[in-house]
Each structure stands twice: as structure tokens, then as C-alpha cells.
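Undergrad: Have a look at this prediction, sequence included:
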Amino acid sequence: MPHIEEILKIDGFLEGNVFSMGTDPSVPGKSLIISQYQVTDQSALDNYITHHAPAMRADGVAKFGNKFSATRRVYTHAGISLKRKD
């Protein structure tokens, strides 16, 4: 995806993933997509929000018009990672 490739060029961005949540039952044909990014630290996120996000959002609106919306949720790793051992 070109959008993720562009995001990953920004200093501090380490990884990008796209997830599909299927379709929105209240709006026929509307797909629900989540893009998830991992950044090195809060300053990398702050840099993105201040210097890059407005143009990226405007690009999405220009390409998709009212068929596009975006929200942001920020999660901080709680320091716990577990993996199966088998």
C-alpha cells in the first residue's frame, strides 16, 4: 500500500500493518479497515502528528472524498509480551 510505504519513510516509524474488520452492517458496501503503526517513541508520533498527519489526511480526503474517514487511537506497550512455547 502506497500510504503505508510513505508513512514508513518518516523517522521513527518501524512497522505498518493493515487489518480488515469486514463491512459495516449499517452502511452497505462500506469496508472497515484499520492501519496500525509502531513507532520508536512519543517524539516520533508527535513529529508525525505535527508535520505529516494534516497532509496525509488531506490526501485521503482528496482521493476518497466523503467515502473516507479516519480516527486515531494511541496505545502504549505495557511491557508484557508472551509467546507460545510449543
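TA: It's in. Residues are numbered from 1 along each chain as shown.
Undergrad: which helix of the chain spans the most residues?
TA: Across the chain, the longest stretch assigned as helix under DSSP state H is helix 53-64.
Undergrad: Who are the packing partners of that helix?
TA: Contact here means 3 or more Cβ pairs under 8 Å, 6 or more residues apart in numbering; DSSP states H and E; on that basis helix 53-64 packs against helix 2-8. Placement of C-beta: from N, CA and C, glycine included.
Undergrad: Give the next helix or strand downstream of the helix it packs on.
TA: Scanning the chain past helix 2-8 towards its C-terminal end, the next helix or strand to appear is strand 13-23 (assignment: DSSP states H and E).
Undergrad: What helices and strands are in contact with the helix or strand that that next one is followed by?
TA: The C-terminal neighbour of strand 13-23 among helices and strands, as given by DSSP H and E, is strand 31-39. Secondary structure elements in contact with strand 31-39, counted by 3+ Cβ pairs under 8 Å, 6+ apart, are helix 2-8, strand 13-23.
Undergrad: Buried residues in strand 31-39, which are they?
TA: Using 16 or more other Cβ atoms under 10 Å as the test for burial, strand 31-39 gives 37, 39.
Undergrad: So what are the sheet partners of it and their directions?
TA: Strands flanking strand 31-39 in the sheet, each with its direction: strand 13-23 (antiparallel) (DSSP bridges).
Undergrad: I'd like the distance from the strand it pairs with to the chain centre, please.
TA: Between the centre of strand 13-23 and the centre of its host chain there is 7 Å, according to Cα atoms, centre = their mean, to the nearest Å.
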